[in-house]
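S.K.: 3D, please:
(4 chains)
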There are 2 protein chains.
Amino acid sequence: MAKYEKIADDLRIRIRAGEWLPGGKLPSETPDLTGHYKTSLPTIRQALGVLAAEGVVDKVHGRGNFVRKPRKLVVRTNQRHQWEKDRARLSDTTRRETGATEHDTGLTVSDLVFSADFQKVEANEDLAHVFGVAPGTQLLERIYRTRYQEEDAPFNLSHSYLVYDVVKANPELLDPSTEPWPGGTQNQLFTIGIELDRIDEHLTARPPTAEEAEELGLRAGVSVIVLRKVSIDTGGRVVEVSDVTLPGDRTELVFTTPLNRW
Amino acid sequence: MAKYEKIADDLRIRIRAGEWLPGGKLPSETPDLTGHYKTSLPTIRQALGVLAAEGVVDKVHGRGNFVRKPRKLVVRTNQRHQWEKDRARLSDTTRRETGATEHDTGLTVSDLVFSADFQKVEANEDLAHVFGVAPGTQLLERIYRTRYQEEDAPFNLSHSYLVYDVVKANPELLDPSTEPWPGGTQNQLFTIGIELDRIDEHLTARPPTAEEAEELGLRAGVSVIVLRKVSIDTGGRVVEVSDVTLPGDRTELVFTTPLNRW
DNA sequence: GAGTGGTCTAGACCACTGT
DNA sequence: CAGTGGTCTAGACCACTCC
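M.R.: Numbering: from 1, shown residues only, chains lettered A, B, ... in the order given. Just a heads-up that it's a prediction; the model follows:
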């Protein structure tokens, strides 16, 4: 086993044993760790790099290396979909009170900052296949970012797609200044006569790309959860596809599957 | 911007542009890349390290650096739960035909290798809280590993917990040699008079720990999906808790949420 | 044995943080 | 300004793969 691996293992064990508390500062790379392990700086840095990639240690330039604290999780349930459907036909004033994200997080509208960008795009192979339309079909792409008032990085980056010719029936849906729309997408669809029958969510996880790390403000040692939400109406037609990128260290997804009784 | 970041960006762009195909070999670190970018070996290696952490490049000792190929996904749906429940009361011979994993993957029993280890453990704070029992209560811990016949690394590592005093009603359930049990856990529970009402699944994603990377055979640049499945019976009691670790590059989870009609 | 990546050294110099 | 981490060099030597 390489020297840097031995050092990484030793530090990991000492961290798990509580020698330094979460948020606590490790000894300095030079001269403390190089002295303690009797090795050169690059070897110490390689060991710390392993721990940073695992999400055990946070490296902070100019300050030191710290034991990472667990993040507070934002929980997102699949019951939000039925909840949103139940509200889709309620009055405007009732719908204004809360949205689905606030429902999940327990936060109020004022804690959250929200931005929306809309544009017309042509369906690529992938989206065309999911919607069951021809590639090149006009889609409305809506990009949403949600973040806490106090934090600078968003915790949710979402690309939503709708078939342009379907949504243009209500011109308000083409205007980003109407966002955040009270009642969410299901109410928007209701205004053009669409009722959802079910929602399929496809999930994978992977390390962030360079762009995602930048945009979501992710440190080393954090994964992203990639969620594709496909909304299907009562006629069996795919009416919305939404690709959501969530930071793995701040997000817990909960899915409840009810079972038929014997 | 640092030199190694510029090199990483340049290589990423060239890879995305298709200069080297998936599975293709990049130029050698020495002398090709050091010569091309006119820099020292450690700098080149740092740039390649970034791409390896993103899962873009596979480093293979003694052979070279390769553009990573996308992995074939194993799909796991939440419809498997109802499917398994429907089969729980069928005859032994029918149940023997296939299990839930084969149902999801489309593979047959002979393609998969399966191992099970059982032991009695005491509930820690966490598990005691989920089961709603006192910490220290006796639990049956069952550890399962599933892998392809041809691959050496499992694609699924699962720790399942049951309350010992509940399952001991059927001594066969305490014996690992009865695994894989035809009909799965829901049939096992049926033999002791338990019917499930719903299943809650909690999901997060993070980089693998050193142990998980070892056990699941994960390369750099792969995340794990951590799934806690909680099974609740018709009396509202938690009867099974299962912690499943899945490799992010080989797993897609699909959850379908049906909605009530207006 | 040739080719290629992995580890490690010793040290210079830059950049960021907080006093 | 002192303390600390980040980048980079030039080169030695080891370990793995494949012919």
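
S.K.: Where does pLDDT dip in chain A?
M.R.: A:98-111, A:148-154 (pLDDT under 70).

S.K.: Spell out which residues make up each domain of it.
M.R.: The record's domain parsing of chain A by automatic domain parsing lists A:3-67, A:74-254.

S.K.: okay, these in JSON lines with mean neighbour count and distance to B:Lys168 next?
M.R.: (Glycine included, C-beta is placed from N, CA and C.) As requested, the domains of chain A are exported to JSON lines (neighbours: other CB atoms under 10 Å in any protein chain shown; distance: least, CB to CB, whole Å):
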{"stretch": "domain A:3-67", "mean neighbour count": "16", "distance to B:Lys168": "34"}
{"stretch": "domain A:74-254", "mean neighbour count": "17", "distance to B:Lys168": "31"}
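
S.K.: Any chance of JSON lines for these, columns distance to B:Leu112?
M.R.: Output for the domains of chain A, formatted as JSON lines (distance: least, CB to CB, whole Å):
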{"stretch": "domain A:3-67", "distance to B:Leu112": "30"}
{"stretch": "domain A:74-254", "distance to B:Leu112": "21"}
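
S.K.: Let's have those in TSV, adding distance to DNA strand C.
M.R.: Compiled in TSV, the domains of chain A are given as follows (distance: least, CB to the nearest atom of the strand, whole Å):
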stretch	distance to DNA strand C
domain A:3-67	2
domain A:74-254	13
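
S.K.: Among these, single out whichever gets nearest to DNA strand D.
M.R.: domain A:3-67 (3.4 Å; CB to the nearest atom of the strand).

S.K.: isn't there a helix covering A:Glu214?
M.R.: Yes: checked against DSSP: H, G, I helix; E, B strand; the rest coil, A:Glu214 lies within a helix.

S.K.: what sits against it?
M.R.: By CB atoms under 8 Å, 6 or more residues apart in numbering or on different chains, no residues touch A:Glu214.

S.K.: Is there proximity between stretch A:12-32 and DNA strand D?
M.R.: Yes: against DNA strand D, stretch A:12-32 shows contacts by CB under 7 Å from any atom of the strand at A:Leu26, A:Ser28, A:Glu29, A:Thr30.

S.K.: Contacts only, for A:Ala8.
M.R.: Contact analysis of A:Ala8 by CB under 8 Å, 6+ apart lists A:Ala47, A:Leu48, A:Val50, A:Leu51, B:Ala210.

S.K.: Regarding the closest residue to A:Val60 other than its chain neighbours, what is its secondary structure?
M.R.: Spatially, and ignoring its direct neighbours in sequence, A:Val60 is nearest to A:Phe66 (6.4 Å; CB to CB, 6 or more residues apart in numbering or on different chains). Classification of A:Phe66 using three-state DSSP returns strand.

S.K.: hey, what's A:Phe66 bridged with?
M.R.: Beta-bridge partners recorded for A:Phe66 (DSSP bridges): A:Lys25, A:Asp58.

S.K.: Show me which residues of the stretch 1-150 of chain A are close to chain B?
M.R.: Applying CB under 8 Å from any CB of the partner chain, one finds that the stretch 1-150 of chain A approaches chain B through A:8-9, A:12, A:42, A:50, A:53-55, A:73, A:78, A:81-82, A:85, A:89.

S.K.: mind running it again at 10 Å?
M.R.: Within the stretch 1-150 of chain A, the positions lying close to chain B (CB under 10 Å from any CB of the partner chain) are A:5, A:8-9, A:12, A:42, A:46, A:49-56, A:73, A:75-82, A:84-86, A:88-89.

S.K.: A:Asn260 against B:Gln79, yeah?
M.R.: No: here A:Asn260 does not reach B:Gln79: they are 11.9 Å apart, not a contact under CB atoms under 10 Å.

S.K.: how about the CA coordinates for stretch A:78-90, as CSV?
M.R.: C-alpha atoms of stretch A:78-90 as CSV (Å, rounded to 0.1, in the frame of the first residue of the first chain):
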residue,chain,number,x,y,z
ASN,A,78,-43.4,12.1,-4.4
GLN,A,79,-46.5,13.0,-2.4
ARG,A,80,-45.9,16.5,-3.6
HIS,A,81,-47.4,15.5,-6.9
GLN,A,82,-50.8,14.5,-5.5
TRP,A,83,-50.7,17.5,-3.2
GLU,A,84,-50.1,19.8,-6.2
LYS,A,85,-52.8,18.1,-8.2
ASP,A,86,-55.3,18.6,-5.4
ARG,A,87,-54.6,22.3,-5.4
ALA,A,88,-54.5,22.8,-9.2
ARG,A,89,-58.2,23.6,-9.3
LEU,A,90,-58.4,25.8,-6.2
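
S.K.: hmm, back to that, quick one: which two of the contacts of A:Ala8 are the most distant?
M.R.: For the contacts of A:Ala8, the maximum inter-member distance is 14.1 Å, found between A:Leu48 and B:Ala210 (CB to CB).
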